[in-house]
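**Q** Predicted structure and sequence below. I'll ask about it afterward.
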Amino acid sequence: MNRILLALGYAFCWGVGVTLTKVALSEISATTLLILQLLSSVVFLLFICYGHDRQLPFSWRHLQQGMAGIFEPALAYMVGIFGLRMTTASNATLIGSSEVILTIVFAALFLGETLTRRKLLLSGISFLGVVLLMLQDAEGTRHASLLGDLLVLLGTVFAVLYVLFSKRQIETAHPLRLTASQQLVGLIVTVLCFGLLSSFNPTYEVSVAGISPSFWLLAIGSGIMQYGLGFLLYLTALRSIPASQAAFFVALIPVFGVASAVVIIGEQPSLFQWLGGVLVVFSSYWANQLESA
């Protein structure tokens, strides 16, 4: 598959997945929803693995291979949820958008990828675009806390570490088996952490009582899209493009998120959001031209 289509595919899955998750959170608690989504993703990937290889990635070797799943989805999403509870959605999104710049810098330091002024300029334009995309939600910033912002930033660093480890692994591993192993490890770690936390604070308990059939379908569908398909397409793309280039397409997530919110929830984007979307698309397009030159 064309690598640009792959990159657009994972940005679409993650962006639309955010909107579907936002809808699902109106009836399902954050901890329960994350477990249901990860479980749906793991079952989906294991089913595909069995159809492809006639075996399941349950061996110790496969679990070792999936250790990057501790960083993401496990730690990145758990820490992100805790941070989001203490800050605003707009702050969380803005801090999360720094993943593009962090990935470019870390990839230069640890993977030896070229760091150029043009890349830094495009990452700055991409960051400005995401800022404009989130301006409509900025009125809630007075409810943000420093600890919440730091937790969201820590979750973003975990996501960048996941990219660095995965980039090294994907050169010799199969994307489908690697995605399934990482998601399985991520699910195990998330269940253990939430189980431990719920013994101290009942708000972290996982309960499926009272979830309507339509929201069950929403949780399962968003889990397969956001975690199963999204990460599978990302790792497949990461085999043929540098981590720094893949990061520019991650910046498209808010673009797809806002667009899907218009279609699914009926939100109306402002002029600044349109301008922000254009800047993000522009920076992603020219970042791809840099790598192709």
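**A** Structure's in. What do you need?
**Q** what packs against the secondary structure element (helix or strand) that residue 158 belongs to?
**A** For residue 158, the element it lies in under DSSP states H and E is helix 146-169. Here helix 146-169 touches helix 76-86, helix 89-96, helix 99-110, helix 175-198, helix 230-238, helix 243-250, going by 3 or more CB pairs under 8 Å, 6 or more residues apart in numbering; DSSP states H and E. For every residue, glycine as well, the C-beta is placed using N, CA and C.
**Q** Averaged pLDDT, the helix or strand that comes right after the third one. What do you get?
**A** The reference is to helix 99-110. Next in sequence after helix 99-110, counting helices and strands by DSSP H and E, comes helix 117-133. Averaged across helix 117-133, pLDDT comes to 76.
**Q** what's helix 117-133 packed up against?
**A** Helix 117-133 packs on helix 89-96, helix 99-110, helix 243-250, helix 253-264, helix 271-292, going by 3+ CB pairs under 8 Å, 6+ apart.
**Q** So for residue 128, which of the ones you listed sits nearest?
**A** helix 271-292 (5.9 Å; CB to CB).
**Q** Let me know the angle separating the helix holding residue 158 from helix 243-250.
**A** Interaxial angle, helix 146-169 versus helix 243-250 (axes from the mean of the first three to the mean of the last three CA atoms, to 10 degrees): 130 degrees.
**Q** quick one: the residue lying closest to residue 226 once chain neighbours are set aside from residue 124, how far?
**A** Distances taken as CB to CB, 6 or more residues apart in numbering place residue 17 nearest to residue 226, at 2.8 Å, with adjacent residues excluded. From residue 17 over to residue 124 the distance is 27 Å, taken as CB to CB, to the nearest Å.
**Q** Those two: which is more packed in?
**A** residue 17 (24 against 13; other CB atoms under 10 Å).
**Q** ok, the more buried one - contacts?
**A** Applying CB atoms under 8 Å, 6 or more residues apart in numbering to residue 17 gives the contacts 222, 225-227, 230.
**Q** Could you rerun that using 10 Å?
**A** Residue 17 makes contact with 37, 221-227, 229-230, 253, 256-257, 260, according to CB atoms under 10 Å, 6 or more residues apart in numbering.
**Q** Can you give me the buried ones in the helix or strand where it lies?
**A** Secondary structure assigned from DSSP H and E places residue 17 in helix 3-24. Using 16 or more other CB atoms under 10 Å as the test for burial, helix 3-24 gives 3, 6-22, 24.
**Q** again, but for stretch 197-216
**A** So, applying 16+ other CB under 10 Å, buried residues of stretch 197-216: 197, 204, 206, 211, 215-216.
**Q** got a markdown table for these, with distance to residue 145 and secondary structure too?
**A** Below are those laid out as a markdown table (distance: CB to CB, whole Å; DSSP: H, G, I helix; E, B strand; the rest coil):
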| residue | distance to residue 145 | secondary structure |
| --- | --- | --- |
| 197 | 19 | helix |
| 204 | 19 | helix |
| 206 | 25 | coil |
| 211 | 30 | coil |
| 215 | 29 | helix |
| 216 | 33 | helix |
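**Q** Looking at those residues, which has the smallest pLDDT value?
**A** Lowest pLDDT among the buried residues of stretch 197-216: residue 204, 79.
**Q** Distance of that one relative to residue 71?
**A** Counting by CB to CB, the gap from residue 204 to residue 71 is 20 Å.
**Q** Quick check: closest non-adjacent residue to residue 20.
**A** residue 222 (3.8 Å).
**Q** and the one you found, what element?
**A** Residue-wise, residue 222 maps onto helix 213-223 under DSSP H and E.
**Q** what's the angle between that helix and helix 3-24?
**A** 150 degrees.
**Q** For helix 213-223, C-alpha coordinates in PDB please.
**A** Extracted C-alpha coordinates of helix 213-223, given in PDB (Å, rounded to 0.1, in the frame of the first residue of the first chain):
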ATOM      1  CA  PRO A 213     -26.100  -2.100  23.500                       C
ATOM      2  CA  SER A 214     -25.400   0.900  21.300                       C
ATOM      3  CA  PHE A 215     -22.500   2.100  23.600                       C
ATOM      4  CA  TRP A 216     -21.100  -1.500  23.700                       C
ATOM      5  CA  LEU A 217     -20.900  -1.300  19.900                       C
ATOM      6  CA  LEU A 218     -19.400   2.200  20.100                       C
ATOM      7  CA  ALA A 219     -16.700   1.000  22.600                       C
ATOM      8  CA  ILE A 220     -15.800  -2.100  20.500                       C
ATOM      9  CA  GLY A 221     -15.800  -0.200  17.200                       C
ATOM     10  CA  SER A 222     -13.700   2.700  18.500                       C
ATOM     11  CA  GLY A 223     -11.300   0.300  20.200                       C
END
